[in-house]
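Enquirer: Let's see this in three dimensions:
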Amino acid sequence: MNNYNFAFFDEGSKREIRRASLKAVCIPGYQVPFASREMPIGRGWGTGGLQLTLSLIGLKDILKVIDQGSDESVNAVNIKKLIKKTTGVRVTTKTEESTLIQSRHRIPEKKLKEGQILVLQVPTPEPLRMVEKSEFKTKRLHADKEYSGAWLMLFEQIIKYRKMTTGADHPVLVNNRYVTAPSPIPKFDNPKLNNSEALILLGAGREKKIYAIPPYTKVKSLDFEDYKFEVESFKEKKCKLCGAENVYLDEVIDNKTGEKYYQCNDSSYCLERVNTLGGNGDE
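Expert: Numbering: from 1, shown residues only. I've put the predicted structure just below:
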């Protein structure tokens with residue numbers, strides 16, 4: 001740790017990222033440009049989220065890092081190693097213990113509380129990119145609150161497939177003003193953004209953008225009067241390991257038997273239930 005400045009970055013870099021973060025909090029859903037730094041990991045592997053985490057973390061923080069629900073994936077483990085090596089902060093797998101959570105593609109199953117910060121890694125922060133390639137034009141569309149392109153994209157899905165087919169990164173309207181990309185979280189997690197007690201920061205290192213959903217902010221997933229937004233359904237399904245229901249589940253096929261079963265995507269949530277309740281959630 002002595003070979004690095006605290007949290008890797010120099011203090012000027014951290015201040016610049018904090019200023020961008022503050023602006024993002026003041027204008028919910030607005031994409032704030034920032035001078036994305038070079039990192040010891042490749043762009044596209046979470047540099048935006050990592051830069052936010054390194055600029056915000058303090059000695060008293062407790063860190064949790066997850067990647068698609070797992071605390072022990074390669075991406076999550078290596079990000080934790082870098083942050084711990086340059087800060088010495090305590091790390092945890094328990095959502096309720098953490099003060100700062102960095103995540104790729106998931107929001108933890110346990111409800112986040114006041115005082116916690118969730119940092120989401122974002123590959124494509126512009127929700128209109130599929131309908132407009134020009135950055136100059138998308139900025140003008142946001143300024144004019146002209147989001148017909150986003151609804152047109154969803155309408156085309158309905159025409160082709162009789163339903164909205166966005167599996168993840170379903171666009172949301174933040175604070176009745178900006179249409180925003182929630183990062184590639186599954187639709188199941190979109191409702192957790194609405195009136196969240198925690199501060200949610202989203203960072204895109206490659207695209208050099210930071211945006212935020214402050215606590216207790218209204219967030220609505222885009223839909224139509226006759227085609228409502230719906231999350232993934234796991235009705236009548238439960239986790240084979242802990243028995244959890246009404247959570248986001250992964251479909252797993254046993255290589256030996258060919259049996260198909262489901263288990264919690266959030267690994268720490270599942271493990272905690274197994275340790276508390278025993279296998280299959282039985283008391």
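
Enquirer: Look up how far residue 236 lies from the nearest residue to residue 205 once chain neighbours are set aside.
Expert: The spatial neighbour of residue 205 that comes closest, neighbours along the chain excluded (C-beta to C-beta, 6 or more residues apart in numbering), is residue 47 at 3.1 Å. For the C-beta atoms, the positions are set from N, CA and C on the backbone; glycine is no exception. Residue 47 is 41 Å from residue 236, where distance means C-beta to C-beta, to the nearest Å.

Enquirer: what about those two, which has more around it?
Expert: residue 47 (22 against 6; other C-beta atoms under 10 Å).

Enquirer: Low-confidence ranges, this protein, go.
Expert: The model of the chain has pLDDT under 70 over residues 1-2, 278-283.

Enquirer: Alpha carbons of stretch 252-265, as PDB, please.
Expert: Only the C-alpha atoms of stretch 252-265 are listed here, as PDB (Å, rounded to 0.1, in the frame of the first residue of the first chain):
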ATOM      1  CA  VAL A 252     -28.800 -24.400 -14.400                       C
ATOM      2  CA  ILE A 253     -28.500 -27.700 -16.100                       C
ATOM      3  CA  ASP A 254     -26.600 -30.600 -14.400                       C
ATOM      4  CA  ASN A 255     -24.000 -31.800 -16.800                       C
ATOM      5  CA  LYS A 256     -24.200 -35.400 -15.400                       C
ATOM      6  CA  THR A 257     -27.900 -35.900 -15.200                       C
ATOM      7  CA  GLY A 258     -29.300 -33.300 -17.500                       C
ATOM      8  CA  GLU A 259     -31.600 -32.100 -14.800                       C
ATOM      9  CA  LYS A 260     -32.700 -28.500 -15.000                       C
ATOM     10  CA  TYR A 261     -33.000 -26.500 -11.800                       C
ATOM     11  CA  TYR A 262     -32.900 -22.900 -10.500                       C
ATOM     12  CA  GLN A 263     -30.600 -21.200  -8.000                       C
ATOM     13  CA  CYS A 264     -30.200 -17.600  -6.800                       C
ATOM     14  CA  ASN A 265     -28.200 -15.300  -9.000                       C
END
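
Enquirer: Perfect, that will be all.
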